[in-house]
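A.B. asks: Dropping a prediction and its sequence here:
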Amino acid sequence: MNKLKIVAFGDSLTVGYQSPTMENPYYLETPYIDFLAEKTENKFNFIMKGISGEMTEEMLRRFDEDVISFKPNYVIILGGTNDIGWGIAIDETADNLFAMYDLAIKANIIPIAVTIPSIRGFDELIHPRVILNNMIIEHCKSKNILYIDLFKASSKPVTLQLEGKYANDGLHLSTAGYKLIADLLYNEVFGKI
């Protein structure tokens, strides 16, 4: 029996980039799909298509080549963090993400949207994340698109800052943060297949 094919699509949060720390002074990548493959006991064929530093406009431009051409069953879409960092209009970022969801659906690929995580140390960038994530969730609910709320799962309830255990540098996730994405995807989607 052929394994279901899943593309993980996005930026450094898909790559699994971790900033160097005192404990781990070397460059480290811990993609969430590695943890998800382990949790699903290699039941699926995962393809990682993340590019560090990429914005949603760039993701949209390569969607045909890096997602549709593989004819996957599912695509996990996580993007928008870099757009906010560079001051791209939130509506534009949301439109790019929604266009990717639509392209997937038209190609008979099931999209799974992921809200972007919060941040710590640049608190003025939390509010734009809340706005974008609310737009993602509302859009997904209205179109019956699967989504996981990484922001809610990884931020502090009152301040909405990214929880310390989930990030090494306040922006990129730690091993625990990437494992959290895998847990959410497993619990809400792939553990039920």
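C.D. replies: Received it, and whenever you're ready, just let me know what you need.

A.B. asks: Strand partners (parallel or antiparallel) of the lowest-mean-pLDDT helix or strand in the chain?
C.D. replies: With mean pLDDT, DSSP states H and E as the measure, the helix or strand of the chain carrying the lowest mean pLDDT is strand 28-29 (a mean of 80). Applying DSSP bridges to the sheet, strand 28-29 is found paired with strand 17-18 (antiparallel).

A.B. asks: Show me what the strand it pairs with is in contact with.
C.D. replies: Residues from elsewhere that reach strand 17-18, judged by Cβ atoms under 8 Å, 6 or more residues apart in numbering: Asn24, Tyr27, Leu28, Glu29, Thr30, Ser52, Asn168, His172, Leu173, Ser174, Thr175. Every residue, glycine included, has its C-beta placed from N, CA and C.

A.B. asks: Out of those, which end up buried?
C.D. replies: For the contacts of strand 17-18, a neighbour count by 16 or more other Cβ atoms under 10 Å gives the buried set as Leu28, Thr30, Asn168, His172, Leu173, Ser174, Thr175.

A.B. asks: Bridged to the first one, which residues?
C.D. replies: Going back to what we said before, that points to Leu28. Following DSSP bridges, Leu28 is listed with bridge partners Gln18.

A.B. asks: Where does the prediction get shaky in this protein?
C.D. replies: When the per-residue scores of the chain are filtered using pLDDT under 70, the ranges that remain are 1, 20-27.

A.B. asks: can you do 90?
C.D. replies: Low-confidence regions of the chain, defined here as pLDDT under 90, cover residues 1-3, 17-30, 42, 121-122, 167-172, 192-193.

A.B. asks: hey, where'd the strands end up in it?
C.D. replies: Along the chain, the segments classed as strands by DSSP state E run 4-10, 17-18, 28-29, 44-50, 74-78, 110-114, 146-148.

A.B. asks: residues touching Ile148, list them.
C.D. replies: With contact set as Cβ under 8 Å, 6+ apart, Ile148 has these partners: Ile112, Ala113, Val114, Thr115, Ile181, Leu184, Leu185, Glu188, Val189.

A.B. asks: Can you name the two of those residues that sit furthest apart?
C.D. replies: Across the contacts of Ile148, the longest distance by Cβ to Cβ is 14.3 Å; it joins Thr115 and Val189.
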